[in-house]
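Colleague: Build me a structure from this.
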Amino acid sequence: MLRNRFKDSCKSLKHRTISGTTKLKESQLLEFFNQDYKLSEDDEKKKLYQSIIDKSACNLELVEFSEESPLVSIIIINRNGVNHLRRLFSDFTEKTQYPNFEVIVVDNDSQDESQLFLEELRAKLPLKIIKNEKNESFSKSNNHAVEIAQGEYVLLLNNDVEPTYGWLNQMMKSALESEDVGAVGAQLVYPDCSRSRYNRKKSFKIQHTGIGFMEEKGYIKPYNIGNGDVFHIDDEDKVRAAVTAAALLVSRDKYLEVAGLDEGYLYGYEDVDFCLKLHKKGYKNLYCPRAVLFHYEFGTQESDKSKEVRSRRLNNQKLFRERWGKWLRRELLLDKLNNNRIFSPQPLKVAFVVTETGEDCTAGDYFTALSLGKSFQKFGWEIDYLPRRASRDWYHVDPDVDVLISLLDAYDIRRIHCDNNLLIKIAWPRNWLSRWISHPDFLDFDLVMTTSETACRYIEEKTGMKTHLLPLATDPEIFNQEVVKSDKWECDYCFTGSYWNDPREIVDMLDPESLPYTFKLFGKNWDEFDKLKDYYHGFVNYKDIPRVYRSTKVVVDDANRVTKEYGSVNSRVFDAIASGVLVITNGELGSQETFNGMLPVYRSKEELNELLTFYLSHEDERMAKVEELQDFVLSNHTYDQRADKIKNCLESYILKKKIAIKIPAPSWELVEEWGDYYLALGLKKELERLDCEVILQVLPEWEGDDDARCDIVLVLRGLSRYNPKPQHFNIMWNISHPDEVTIEEYNQYQHVFIASEYWTEEIAKKVDVPVDALLQCTDPELFYPDTDDNYKHDLLFVGNSRKVYRKILKDLLPTDQDLAVYGTNWEGIIPDKYIKGQHIPNKELRKAYSSCKILLCDHWDDMRDKGFLSNRLFDASACGAFIISDKVRNIEDVFGDNVVTYEDSAELNNLIKRILNVEKNNNMIEEIRQDIVKKHNYGDRAKFILNKVH
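Modeller: Alright, predicted model coming up:
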């Protein structure tokens with residue numbers, strides 16, 4: 001009997017000891033597994049193979065299932081796999097160790113001896129055979145078998161596996177654990193792979209301990225957890241997002257509840273899809289490490305025709321990305337954030353950008369990161385540092401880093417090279433705010449946090465970026481009243497901080513000679529000041545700062561010029577107060593904003609002396625103030641609280657809808673010359689007000705993986721074509737050059753917007769996707785009446801020539817009227833006297849539109865013919881400008897009498913002369929202006945777009 005052989009094997013193993021320990025020589029086995037050379041000797045292979053079987057058997061405690069236990073229908077799909085079947089069914093009942101099962105084999109038109117072998121097997125096993133006349137897909141074959149299955153449970157089992165003792169017993173034990181168990185998977189192990197092309201070094205190592213997910217080249221990819229690890233058996237089941245269908249057990253009712261395997265997949269991803277459907281229903285999928293099977297998958301896969309396999313894989317990936325891409329991006333990051341280890345065995349990893357690291361570090365940013373990182377570790381997160389002063393390239397970010405927090409404005413995130421396209425980048429400016437926001441990469445940060453309300457307002461006003469309040473804080477496990485004092489640092493009051501050749505108020509404010517109290521000064525470079533030399537006690541390592549604070553009564557704080565005006569509060573304030581020490585500060589704004597005015601403030605040398613004298617001579621008042629401040633700090637300003645705030649911000653960011661707007665501008669250097677850029681900016685602002693995250697990408701960035709985090713891609717289609725990616729919901733907004741867009745291209749998108757009512761109707765008749773008219777629009781916050789004498793002209797034309805003679809200027813020139821032309825590449829095309837500049841900044845454009853008597857506007861031929869109205873018409877109308885344009889389909893339906901059209905040169909010149917001699921009807925213009933602003937603004941466009949997204 002096989003069972004007796006296993007028992008005898010276990011007994012013999014218990015007599016082989018190493019230094020008093022029982023079981024197989026595991027240390028030797030591990031050493032062998034870790035070698036990379038090719039296995040070649042048959043006896044070594046057999047030894048390793050048998051060791052896994054023995055180890056599996058000896059680690060099992062089997063449940064005594066009765067004959068009345070739930071029936072399990074074991075479903076096996078086969079095609080020309082007779083050799084696999086012979087191996088699988090060798091001693092099958094004895095290995096299974098479960099009393100109540102049936103076997104259903106779906107044979108997909110095998111031409112070998114498979115069906116003959118199966119007929120012979122009927123005499124030994126409760127076996128049903130489904131004989132298909134063609135090679136059906138894995139999903140369809142299993143779904144068919146489940147229909148006729150009698151079992152309360154179904155077990156999908158590959159024909160190319162070799163079970164070990166007790167495998168099904170263990171899986172059923174896990175399945176019956178609770179009602180919320182979904183699918184149960186097993187531990188799969190590689191057999192001898194010495195002849196494999198791809199897995200030669202993985203012989204007898206782990207192949208599968210569940211399925212995890214990772215970002216790779218822009219999409220979320222499933223992979224086998226534990227692949228290539230040394231074989232071992234854990235005691236506990238683990239919750240996984242998915243397990244492989246090579247050995248997958250699930251109740252039949254739950255299988256049917258999620259509609260089984262999706263038949264859109266062809267031998268790949270169907271099991272992952274199935275498990276994710278169970279997960280979304282609220283079931284937990286389990287990996288059972290005690291159920292061990294060898295899996296000869298590599299032999300099957302490597303025998304497939306590569307072209308067929310590639311085509312199949314691409315089809316499966318496309319379907320999987322379309323269905324699960326957006327959802328998985330969120331779930332993977334939330335899983336890491338909450339340290340659930342269901343979608344990935346790896347925890348969230350945070351990297352801090354700092355000046356330097358190490359015990360002798362003098363840069364405060366490192367100690368801030370150290371304290372915050374310690375609080376992150378309580379979540380189960382991993383921490384790393386990217387120091388500026390190191391031999392390592394600080395722009396090389398490891399692919400397992402999920403969140404990067406920069407504490408330095410000198411760090412240019414556009415130079416990061418990282419294979420994780422889901423990397424979340426956080427800016428935490430604590431000082432030098434003007435320097436931070438001056439860097440072009442600042443707008444590329446995903447989250448911005450800063451240390452005071454004033455700083456938040458400053459950044460938001462200057463950049464438009466939502467900024468979260470995150471003051472510095474303290475770590476009460478380091479700074480507290482239990483710290484032992486030191487005679488070495490004992491004094492009545494002190495200052496801790498360094499001098500870096502930048503003016504500090506404290507140099508003038510401190511006057512220790514005039515006070516009858518002991519004073520000590522700690523930091524670097526204070527020996528440069530004669531008045532302070534006698535009080536200077538050198539630099540103190542950060543680890544000793546808690547003892548410094550415990551050895552004094554008052555700490556003087558000096559908020560320097562790059563923090564004081566923004567109300568930022570220094571770390572020393574929080575740390576000293578947590579240590580039970582009074583702090584006196586010159587940061588009045590910080591005291592008001594962060595401490596509600598509780599922190600004593602000095603504005604002059606006299607006030608500082610008065611405060612020191614009062615609190616050092618009135619013990620009760622000082623201790624009462626310390627207690628008040630300490631309670632406030634410990635309740636509101638610890639790094640654990642900061643870590644909670646960041647975690648909440650990250651969760652909110654992860655859950656937000658993310659959109660990439662693709663602009664056809666050739667580079668960021670030239671982007672301001674493209675009207676599409678301003679359209680994108682207007683949409684970005686309004687979409688973010690609707691709680692979306694938006695990134696902008698210029699043409700060279702379209703095909704990369706930087707949009708991996710995005711759910712939606714919105715392509716501003718002008719002259720450049722984009723190839724949509726299946727993991728996104730892809731939207732085209734055809735705003736110009738409709739002749740360049742084919743029906744086939746429209747059909748590549750999930751939704752199409754067209755900036756023309758007429759062309760929308762025409763295209764909707766020809767395409768298979770939803771199409772809506774979405775005219776261009778204006779931003780009422782940027783475009784409104786605002787005259788400026790510098791832009792007062794009779795006639796104004798704003799637009800680039802693109803090295804061709806634009807229609808309206810060609811029809812007009814030459815002219816004696818006061819004409820101003822702004823745009824690029826007009827030299828040599830029109831007389832220089834008309835050219836007034838190459839560019840009007842977008843924030844000033846309203847002044848030009850508001851100040852001219854007539855704005856001239858024209859359209860490219862295909863736009864004119866197909867009713868594409870220029871964005872300039874909307875912006876200029878919002879400024880109250882009177883416009884003359886070439887004739888465009890439906891222009892009068894939108895702009896009424898505010899836009900006059902012409903058909904030839906004579907008509908244009910006559911119109912200009914007549915209009916210049918007629919007084920404007922300002923009331924009518926204002927009425928039309930209000931109508932345009934109300935109906936055609938970015939806020940309404942953003943809402944319309946989001947309503948169409950699935």
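Colleague: So residue 690 versus residue 171, what's the distance?
Modeller: Residue 690 sits 47 Å away from residue 171, taking CB to CB, to the nearest Å as the criterion. In short, each C-beta sits where N, CA and C put it, glycine included.
Colleague: out of these two, which sits in the more crowded spot?
Modeller: residue 171 (25 against 14; other CB atoms under 10 Å).
Colleague: what about residue 257, how many residues close to it?
Modeller: Residues within reach of residue 257, counting by other CB under 10 Å, total 15.
Colleague: Was I right to think it contacts residue 283?
Modeller: No. Under the criterion of CB atoms under 8 Å, residue 257 makes no contact with residue 283, lying 9.0 Å away.
Colleague: shaky segments in the stretch 301-450 of the chain?
Modeller: For the stretch 301-450 of the chain, the stretches flagged by pLDDT under 70 are 301-305.
Colleague: now the helices for it?
Modeller: 306-337, 364-377, 433-438 (DSSP state H, counting those that start in this stretch).
Colleague: residues near residue 194, how many?
Modeller: 14.
Colleague: excluding its backbone neighbours, what's nearest residue 574?
Modeller: Closest residue to residue 574 apart from its sequence neighbours, by CB to CB, 6 or more residues apart in numbering: residue 474 at 3.9 Å.
Colleague: who are the neighbours in contact with that neighbour?
Modeller: 371, 571, 574, 575, 577, 578, 633, 637, 638, 639 (CB atoms under 8 Å, 6 or more residues apart in numbering).
Colleague: Any chance of the residues you listed in JSON lines with distance to residue 502 as columns?
Modeller: As requested, the contacts of residue 474 are exported to JSON lines (distance: CB to CB, whole Å):
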{"residue": "371", "distance to residue 502": "24"}
{"residue": "571", "distance to residue 502": "18"}
{"residue": "574", "distance to residue 502": "22"}
{"residue": "575", "distance to residue 502": "22"}
{"residue": "577", "distance to residue 502": "25"}
{"residue": "578", "distance to residue 502": "27"}
{"residue": "633", "distance to residue 502": "27"}
{"residue": "637", "distance to residue 502": "26"}
{"residue": "638", "distance to residue 502": "30"}
{"residue": "639", "distance to residue 502": "27"}
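Colleague: got the residues you listed as JSON lines, with distance to residue 915 and secondary structure columns?
Modeller: JSON lines is the format used below for these (distance: CB to CB, whole Å; DSSP: H, G, I helix; E, B strand; the rest coil):
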{"residue": "371", "distance to residue 915": "69", "secondary structure": "helix"}
{"residue": "571", "distance to residue 915": "66", "secondary structure": "helix"}
{"residue": "574", "distance to residue 915": "67", "secondary structure": "helix"}
{"residue": "575", "distance to residue 915": "71", "secondary structure": "helix"}
{"residue": "577", "distance to residue 915": "71", "secondary structure": "helix"}
{"residue": "578", "distance to residue 915": "73", "secondary structure": "helix"}
{"residue": "633", "distance to residue 915": "69", "secondary structure": "helix"}
{"residue": "637", "distance to residue 915": "65", "secondary structure": "coil"}
{"residue": "638", "distance to residue 915": "69", "secondary structure": "strand"}
{"residue": "639", "distance to residue 915": "67", "secondary structure": "helix"}
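Colleague: Derive a ChimeraX selection command for the buried subset of these.
Modeller: Filtering the contacts of residue 474 down to the buried ones (16 or more other CB atoms under 10 Å) takes a single ChimeraX command:
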select :371,571,574,575,577,578,633,637,638,639
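Colleague: between the contacts of residue 474, which is closest to residue 78?
Modeller: Taking CB to CB as the measure, residue 78 lies nearest residue 639 of the contacts of residue 474, at 59.5 Å.
Colleague: so where's the stretch 151-300 of the chain shaky on pLDDT?
Modeller: 298-300.
Colleague: Okay, strands next: where are they in it?
Modeller: 153-158, 161-163, 181-189, 206-208, 211-216, 219-224, 238-240, 247-251, 284-295 (DSSP state E, counting those that start in this stretch).
Colleague: And the last one, what does it pack against?
Modeller: Contact here means 3 or more CB pairs under 8 Å, 6 or more residues apart in numbering; DSSP states H and E; on that basis strand 284-295 packs against helix 42-58, strand 161-163, helix 167-175, strand 181-189, strand 238-240, helix 270-280.
Colleague: Equivalent analysis for the third one, please.
Modeller: With contacts defined as 3+ CB pairs under 8 Å, 6+ apart, the secondary structure elements packing on strand 181-189 are helix 167-175, strand 206-208, strand 247-251, helix 270-280, strand 284-295.
Colleague: Give me the phi and psi for the residue minimising distance to the centre of the chain.
Modeller: The residue lying closest to the centre of the chain (CA atoms, centre = their mean) is residue 422, at 3.7 Å. With angles defined as degrees, to the nearest 10, residue 422 sits at phi -100, psi 10.
Colleague: That one touches residue 710, doesn't it?
Modeller: No. Using CB under 8 Å, residue 422 is not in contact with residue 710; the gap is 10.4 Å.
Colleague: Name whatever forms a beta bridge with residue 350.
Modeller: residue 383, residue 403 (DSSP bridges).
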